[in-house]
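Colleague: Give me a 3D structure for the following:
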Amino acid sequence: MRLTEFTEFMYTEFGRRAADAMLVDYAILELGGRTGAAAIDEGVDPRIVWRALCREFDVPPERW
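Modeller: The predicted structure follows:
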């Protein structure tokens, strides 16, 4: 998944402000307690971050 596609999915699902805050403030246990932004900066595929956030925030699987 490209980063631009990831960003579009985040903004569509959560809204711009919430998505931006989630990426830098929310520690995702599935990603070792890293934030989404930190995980992506460390080379984790944005698709993995997207799916982890979807699971954390109970997004229905059909929207992943």
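
Colleague: quick one: Phe9 from Gly36, how far?
Modeller: Between Phe9 and Gly36 the computed distance is 12 Å (Cβ to Cβ, to the nearest Å). The way it works is simple: take the backbone N, C-alpha and C, and place the C-beta from them, glycine included.

Colleague: So between those two, which is more surrounded?
Modeller: Using other Cβ atoms under 10 Å as the criterion, Phe9 and Gly36 rank with Gly36 on top: 26 against 20.

Colleague: quick one, what contacts the more buried one?
Modeller: Counting by Cβ atoms under 8 Å, 6 or more residues apart in numbering, Gly36 touches Met22, Leu23, Val24, Tyr26, Ile28, Val49, Ala52, Leu53.

Colleague: Spatially, which two of those residues are the most separated?
Modeller: The widest separation within the contacts of Gly36, taken as Cβ to Cβ, falls between Val24 and Ala52 and amounts to 15.1 Å.

Colleague: so the most centrally placed residue in the chain is in which element?
Modeller: The centroid of the chain falls nearest to Trp50 when counting by Cα atoms, centre = their mean (3.8 Å). Element membership for Trp50, per DSSP states H and E: helix 46-56.

Colleague: That helix packs against which elements?
Modeller: helix 3-14, strand 27-28, helix 36-41 (3 or more Cβ pairs under 8 Å, 6 or more residues apart in numbering; DSSP states H and E).

Colleague: Pick the most deeply packed of the ones you listed.
Modeller: Of all those, helix 36-41 carries the top mean neighbour count, a mean of 18, counting by mean count of other Cβ atoms under 10 Å.

Colleague: Please render the helices and strands packed on helix 46-56 as a markdown table that adds distance to Asp58 and mean pLDDT to the earlier fields.
Modeller: Formatted as a markdown table, those follow (distance: least, Cβ to Cβ, whole Å; pLDDT from 0 to 100):
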| stretch | distance to Asp58 | mean pLDDT |
| --- | --- | --- |
| helix 3-14 | 11 | 96 |
| strand 27-28 | 14 | 96 |
| helix 36-41 | 16 | 97 |
